[in-house]
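Q: coords please:
(2 chains)
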Amino acid sequence: MKRVVITGAGTINALGHSAAATREAMREGRCGIGKLEFRDVERLAIQIGGQVHDFEAEGRFNRQQMALYDRFTQFTLFAADEAIHQSGLEFTGDLAAKSGVVLGTAGGGVSTWDDNYRSVYEDGKNRVHPFVVPKLMNNSAASHVSMEYNLKGPSFTVSTACASSNHAMAQAFQMVRSGMSPVMVTGGSESMLCFGGVKAWEGLRVMSKDACRPFSANRNGMVQGEGAGIFVFEEYEHARARGAEILCEVIGYAMSSDAADIVMPSKQGAARAISGALKDARINADAVGYINAHGTGTAANDKTECAAVADVFGPHADNLLISSTKSMHGHLIGGTGAVELLACIMALQEGIIAPTIGYEEPDPECALDVVPNEAREAKVDVALTNAFAFGGLNAVLALKRI
Amino acid sequence: MSTQDKVIAIIAEQAVLDPSEVTLDSTLEDLGIDSLGLVESIFSIEEEFDISIPFNANEPSESDFDITNVAAIVAGIDKLLAAKG
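A: Purely as a prediction, here's the structure:
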């Protein structure tokens, strides 16, 4: 088995247009959630979200590219540019033939669906642009990254709702660890902040109208975000041989299915994914210093997640730190695990734990150290990142300081 | 049909029961309606009566709409219909 390290990170989300800007916002506990701005927003009951601002496709992409890139693809390409540039890699010859891209998204080109349904149903048009299908398909972001960077190895898109990115990164990790690929570009992206995207979520009645307050007794639901997180996973010796800067090591993962309910989370399913990741990484539970929680801010998730952590870690659950950065950037659905991985890297590299902001009242059912409201310094050797999706599909990754 | 009959019909359909099996003091739990079934029932009621019910699944007890039993739901709808005018 090969060792796997991260040599590039890139992002765009409501907190910033780069990994450095996002980490700075996380350190400062800044909130990127605000009033949504898009057509027909006044017809929504939920009018807040973690929207990306000052990112216009015009000027950034040419006319031909704009006809092909949904906003979720635009986010992906923007973040991939940062990550691959940081890694210093150029994909040619055998490296290009074996390296690929595995990304997560839940909805793919949601705004392309939305705009074109509006055009044919509301405006009564009978013709749509010829590229609607290649623009909206869930794998279009992965395909455009592969084309842009000459990645010719195994490439595909994983869609497991809110766990999509973690499943994608777990898959990329497995490919590098097994020796199948020397480098994999991975992460995820989501862009559902349009009328149809938010309206669909509204229907479920799990959204908050005012704020995302994970683990707080007065939490009242989730808040959507948008953006992308992209990483370069590279075989350790390959990275060392070329003197690459290593951000951290990926040491294990596990996936599980609750096989229980389409929306209600299961403590057992979550606990099996967490303990499975520890076993895969061959570490003891007490080695873990930080967990980036799924922490959606819903009544159901947060108490179930805390109970699962308490079960897996026993007395050590009281020593470790666990926070939900969704309180700051919102829930990026299929892209969330990727953006949240940045908080794990920050904990490992800098010893700074991103806070759970918006925390107001302790909840006895979430009685862990959730790093309320202010970032904290702590030396962390191992961090976990949790994702528990609708449909009961869970994926947890373990990372180590290097 | 009265508000009561319409509500009972909606809830009975959700619970896969005959309307005669749903009474005013039935709770949704008695009828085997879970949290997803509740959200679906509220949606059906909103569609039937053209009203918006203030209900957040994260804090059902704090929502400004009483779902203790069928009678409370009917009363809540009547209140919303009256407010609508």
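Q: what pLDDT does residue B:83 get?
A: On pLDDT, residue B:83 comes in at 92.
Q: what about the host helix or strand of it, distance to the chain center?
A: Using DSSP states H and E, residue B:83 sits in helix B:70-84. In this view, helix B:70-84 has its centroid 9 Å away from the chain centroid, taken as C-alpha atoms, centre = their mean, to the nearest Å.
Q: In terms of secondary structure, what does it contact?
A: Contact partners of helix B:70-84 among helices and strands, from 3 or more C-beta pairs under 8 Å, 6 or more residues apart in numbering or on different chains; DSSP states H and E: helix B:3-15, helix B:35-49. Where you see a C-beta, it was placed from the backbone N, CA and C, and this is true even at glycine.
Q: need those in CSV with distance to chain A, mean neighbour count and mean pLDDT, can you?
A: CSV is the format used below for these (distance: least, C-beta to the nearest C-beta, whole Å; neighbours: other C-beta atoms under 10 Å in any protein chain shown; pLDDT from 0 to 100):
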stretch, distance to chain A, mean neighbour count, mean pLDDT
helix B:3-15, 15, 18, 95
helix B:35-49, 5, 17, 92
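Q: got a list of contacts for stretch A:83-100?
A: The list of residues contacting stretch A:83-100 from outside it, by C-beta atoms under 8 Å, 6 or more residues apart in numbering or on different chains, reads A:7-10, A:19, A:146, A:149-155, A:175, A:180-185, A:187, A:230-232, A:234, A:242, A:244-245.
Q: Narrow the residues you listed to those in helices?
A: Within the contacts of stretch A:83-100, residues falling in helices by DSSP state H are A:19, A:146, A:149, A:175.
Q: was I right about the second one contacting residue A:155?
A: So the one you mean is residue A:146. Yes: in this structure, residue A:146 is within contact of residue A:155 by C-beta atoms under 8 Å, at 5.0 Å.
Q: which one of these two has more residues nearby?
A: It is residue A:146, of residue A:146 and residue A:155, that has more neighbours when counted by other C-beta atoms under 10 Å in any protein chain shown, with 22 against 19.
Q: need the helices and strands packed on helix B:70-84 in a markdown table with distance to residue B:82, can you?
A: Listed next are these as a markdown table, based on distance: least, C-beta to C-beta, whole Å:
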| stretch | distance to residue B:82 |
| --- | --- |
| helix B:3-15 | 11 |
| helix B:35-49 | 12 |
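Q: For residue A:133, find the nearest of those.
A: helix B:35-49 (31.0 Å; C-beta to C-beta).
Q: and the closest one, what does it pack onto?
A: Looks like helix B:35-49 contacts helix B:3-15, helix B:70-84 (3+ C-beta pairs under 8 Å, 6+ apart).
Q: Confirm residue A:383 sits in a strand?
A: Yes: membership of residue A:383 in a strand is supported by DSSP: H, G, I helix; E, B strand; the rest coil.
Q: show me what contacts it?
A: Residues counted as contacts of residue A:383 (C-beta under 8 Å, 6+ apart) are A:288-292, A:344, A:347-348, A:398-400.
Q: mind redoing it with 10 Å?
A: Neighbour list for residue A:383: A:248, A:288-292, A:320-321, A:341, A:343-348, A:353, A:397-401 [criterion: C-beta atoms under 10 Å, 6 or more residues apart in numbering or on different chains].
Q: got the contact list for the helix or strand bottoming out on mean pLDDT in chain A?
A: Least confident helix or strand, chain A: helix A:63-68 with a mean of 92, by mean pLDDT, DSSP states H and E. Helix A:63-68 is contacted from outside by A:57-58, A:60-61, A:73-74, A:77, A:129-132, A:134-135, A:140, A:143-144, using C-beta under 10 Å, 6+ apart.
Q: And that helix, what's buried?
A: Neighbour-count burial for helix A:63-68 flags no residue at all (criterion: 16 or more other C-beta atoms under 10 Å in any protein chain shown).
Q: cool, and stretch A:107-118?
A: A:107-116, A:118.
Q: what's the average pLDDT for stretch A:278-294?
A: The model assigns stretch A:278-294 a mean pLDDT of 98.
Q: what comes up buried for that stretch?
A: Those would be A:278, A:280-281, A:283, A:285, A:287-294, for stretch A:278-294 by 16+ other C-beta under 10 Å.
Q: Those residues in strands, which ones?
A: Among those, the ones falling in strands (DSSP state E) are A:288-292.
Q: So for residue A:49, which of the helices and strands packed on helix B:70-84 sits nearest?
A: Of the helices and strands packed on helix B:70-84, nearest to residue A:49 by C-beta to C-beta is helix B:35-49, at 20.8 Å.
Q: picking that back up, which of the ones in strands among the buried residues of stretch A:278-294 lies closest to residue A:303?
A: Residue A:303 lies nearest to residue A:291 out of those, by C-beta to C-beta, at 15.4 Å.
Q: distance of that closest one from chain B?
A: Per C-beta to the nearest C-beta, to the nearest Å, residue A:291 is found 22 Å from chain B.
Q: can you check residue A:384 too?
A: 25 Å.
Q: what's the answer for residue A:135, then?
A: Taking C-beta to the nearest C-beta, one finds residue A:135 at 31 Å from chain B.
Q: Am I right that that residue is in contact with residue A:116?
A: Yes: at 9.1 Å, residue A:135 and residue A:116 qualify as touching, with contact defined as C-beta atoms under 10 Å.
Q: so what sits against both of these two?
A: A:109, A:129.
Q: picking up where we left off before, just the buried ones among the contacts of stretch A:83-100, please.
A: A:7-10, A:19, A:146, A:149, A:151, A:153-155, A:175, A:181-185, A:187, A:230-232, A:234, A:244.
Q: Now list the buried members of the contacts of residue A:383.
A: Buried among these by 16+ other C-beta under 10 Å: A:248, A:288-292, A:320-321, A:341, A:343-348, A:353, A:397-401.
Q: In strands, which of the contacts of stretch A:83-100 fall?
A: A:7-10, A:183-185, A:187, A:230-232, A:234.
Q: Pipe those into JSON lines and attach pLDDT and distance to chain B per row.
A: Below are the ones in strands among the contacts of stretch A:83-100 laid out as JSON lines (pLDDT from 0 to 100; distance: C-beta to the nearest C-beta, whole Å):
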{"residue": "A:7", "pLDDT": "98", "distance to chain B": "40"}
{"residue": "A:8", "pLDDT": "98", "distance to chain B": "38"}
{"residue": "A:9", "pLDDT": "98", "distance to chain B": "33"}
{"residue": "A:10", "pLDDT": "98", "distance to chain B": "33"}
{"residue": "A:183", "pLDDT": "98", "distance to chain B": "42"}
{"residue": "A:184", "pLDDT": "99", "distance to chain B": "37"}
{"residue": "A:185", "pLDDT": "99", "distance to chain B": "36"}
{"residue": "A:187", "pLDDT": "98", "distance to chain B": "29"}
{"residue": "A:230", "pLDDT": "99", "distance to chain B": "32"}
{"residue": "A:231", "pLDDT": "99", "distance to chain B": "32"}
{"residue": "A:232", "pLDDT": "99", "distance to chain B": "38"}
{"residue": "A:234", "pLDDT": "98", "distance to chain B": "41"}
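Q: Okay then, goodbye and thanks.
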